[in-house]
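Colleague: pasted the sequence and its predicted model underneath.
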Amino acid sequence: PAMEAAAGAVDCLSKAMLSELKNLSKPPSGVDKVTNACLILIEKEYNPKKQTWNRAKAMMQNVDAFKGKLGDFRGEDITEQEVGLLQKYVSDESFTPEKMSSKSAAAANLCTWVVNIYNFNRIYVKVKPLMDSLQAARESKAAA
């Protein structure tokens, strides 16, 4: 369900929403947290000093390409380093789609994407070893 919610958030992002967001000269308070989280995941920008509004606008410059990167992103591939960097955002009580929706529809959808792709990864990391064990047991049984 978390992966489906993340995909749904990307589907809800319109070109107009993203264009409006990237054309802001300065983001509303909190919106920069959402774009910083996207910079970490999409651009692999781990240096907080480089997680700037100008860098975020550059990431969103080609709206269609940016949406494509969001849609193609694999939650399974989030590294533990990225999890650590995202933790401060996803645990922040102001980092919610509801809080972002009053500031920007695009930021609300991007926030939904970040939260759900993060949650998917946390579930995946726990379930993957169990799935691998089950697969090994099935292969062992088939070989017997």
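Modeller: Good, I have the coordinates.
Colleague: return the distance of the residue lying closest to Ile40 once chain neighbours are set aside relative to Gln51.
Modeller: Leaving aside its chain neighbours, Ile40 sits nearest to Leu85 (5.1 Å; criterion: Cβ to Cβ, 6 or more residues apart in numbering). For glycine as for every other residue, the C-beta is placed from the backbone atoms N, C-alpha and C. Applying Cβ to Cβ, to the nearest Å, the value for Leu85 to Gln51 is 9 Å.
Colleague: any common contacting residues for those two?
Modeller: Ile40 (Cβ atoms under 8 Å, 6 or more residues apart in numbering).
Colleague: which strands and helices sit next to the helix or strand that contains Ala107?
Modeller: Using DSSP states H and E, Ala107 maps to helix 105-143. Here helix 105-143 touches helix 2-12, helix 15-22, helix 31-42, helix 80-90, helix 97-101, going by 3 or more Cβ pairs under 8 Å, 6 or more residues apart in numbering; DSSP states H and E.
Colleague: give me whichever of those is most buried.
Modeller: Neighbour counts (mean count of other Cβ atoms under 10 Å) averaged over each of the helices and strands packed on helix 105-143 peak at helix 31-42, with a mean of 23.
Colleague: please name every helix or strand in contact with the following helix or strand past that one.
Modeller: Remark: after helix 31-42, the chain's next helix or strand is helix 53-59, criterion DSSP H and E. With contacts defined as 3+ Cβ pairs under 8 Å, 6+ apart, the packing partners of helix 53-59 are helix 31-42.
Colleague: quick one: contacts for the residue nearest in space to the middle of the chain?
Modeller: The centroid of the chain falls nearest to Val114 when counting by Cα atoms, centre = their mean (2.9 Å). Residues in contact with Val114, defined by Cβ under 8 Å, 6+ apart, are Val34, Ala37, Cys38, Leu41, Leu86, Tyr89, Val90.
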